[in-house]
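In: below: sequence and its predicted model.
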Amino acid sequence: MAHSGFFNGVRIRLVGRLHRMYDERFDARRGIETVANVDAADLEDVIDLTGYEGDDEMYAGTPSLLFEALHAPLAGMDRTATTYLDVGCGKGRMLIQASEAGFPSVVGVEFAKPLAQTARENLQSALGQTQGQWRIDEADARTYRYPDGPLALFIYNPFDPPVFEAFLANLRKDLAARPREMRLIYNHTLCGDMLDTDPVFERLPYNGTNRFYARTLNPHPFGAWRYCGAN
Ligand SMILES: C[S@@+](CC[C@H](N)C(=O)[O-])C[C@H]1O[C@@H](n2cnc3c(N)ncnc32)[C@H](O)[C@@H]1O
């Protein structure tokens, strides 16, 4: 046991260094900054932290190297008709990757003004205005109104349980009012059980290659769900 804990610690540190190297290169190639984490304490003057459990880190980016593996359950969606949203988009790294991966319409939802501003600057530098349509909505995921049409949603551990519950209630209400295709990719599935026990969401499988990423290159568990409430 002691040995496996030790080796797992070493693995996580090595994987962390690998991701940092890739993410710094990702930023340098596009003239942007998405690597530095942002603590909740640095944002407490601009956001309401009610419902958050004092987590030190509010922003950390999903490793760019994991984009394809994480998003594998979106296969078969018509990307040209689908809006890709990162709910809690932080500095916008996933939005840039989604646009580069062929989603012509990408939207970031972010409630912290300084992060929303950084995301706008990053998307402007990386994508300009010519590569598809993008926008950053400065909004709270607990009350957000989603765009019409099919949705591909991404979240990376943005919410503590009380906030996740409100996020989910809002999403369920939105989909019940305007039923449509929705797939959700969730990295660091701290509240995954809330989706698993909700009958309007159904878990989607990851294949062998992507499970390999889960076990080796992703420090966190991840999952994917689709909306099946309208069936
Ligand atoms: C862990 S970061 C993930 C950033 C980005 N999604 C990524 O994967 O690179 C979580 C982000 O969610 C944002 N966030 C947290 N609660 C939110 C809420 N209620 N509404 C909108 N954004 C929120 C935080 O400000 C932070 O930028």
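Out: Received, thanks.
In: can you show me the helices along this structure?
Out: Remark: helices assigned in the chain by DSSP state H are 2-30, 67-70, 93-100, 113-127, 161-177, 192-196, 208-216.
In: quick one, which of those helices is packed in tightest?
Out: Across the helices of the chain, the average number of neighbours (mean count of other C-beta atoms under 10 Å) peaks for helix 93-100, which reaches a mean of 25. (Each C-beta comes from the backbone N, C-alpha and C, glycine too.)
In: which residues touch that one?
Out: Defining contact as C-beta atoms under 8 Å, 6 or more residues apart in numbering, one finds that helix 93-100 is touched by 23, 26, 30, 32, 34, 61-62, 64, 67, 71, 84, 86, 89, 106-108, 119, 122-123, 126-127, 131-132, 134, 152, 154, 156.
In: so is that helix next to the ligand?
Out: Yes: contact check for helix 93-100 against the ligand, using C-beta under 6 Å from any ligand atom: residues in range are 93, 94.
In: ok, stretch 150-168 next?
Out: Yes: figure legend: stretch 150-168 in contact with the ligand (C-beta under 6 Å from any ligand atom); contacting residues 156, 157, 158, 159, 163.
In: which of the residues you listed fall in strands?
Out: The members of the residues of stretch 150-168 next to the ligand that map onto strands under DSSP state E are residue 156.
In: from the residues of stretch 150-168 next to the ligand, which one has the minimum pLDDT?
Out: Per-residue confidence across these is lowest for residue 158, with 73 (pLDDT).
In: wait, it touches residue 166, no?
Out: No: counting by C-beta atoms under 8 Å, residue 166 is not a contact partner of residue 158; they are 11.9 Å apart.
In: what touches both of the two?
Out: Once C-beta under 8 Å, 6+ apart is applied, the residues that residue 158 and residue 166 both contact turn out to be residue 141.
In: from this protein, which residue is nearest to the ligand?
Out: Nearest residue of the chain to the ligand (C-beta to the nearest ligand atom) works out as residue 88 at 2.4 Å.
In: other residues contacting the helix or strand of the chain with the lowest mean pLDDT?
Out: Using mean pLDDT, DSSP states H and E, helix 208-216 stands out as the lowest-scoring helix or strand of the chain, at a mean of 77. Taking C-beta under 8 Å, 6+ apart as the criterion, the residues outside helix 208-216 that touch it are 11, 15, 66, 69, 70, 72, 206, 221, 222.
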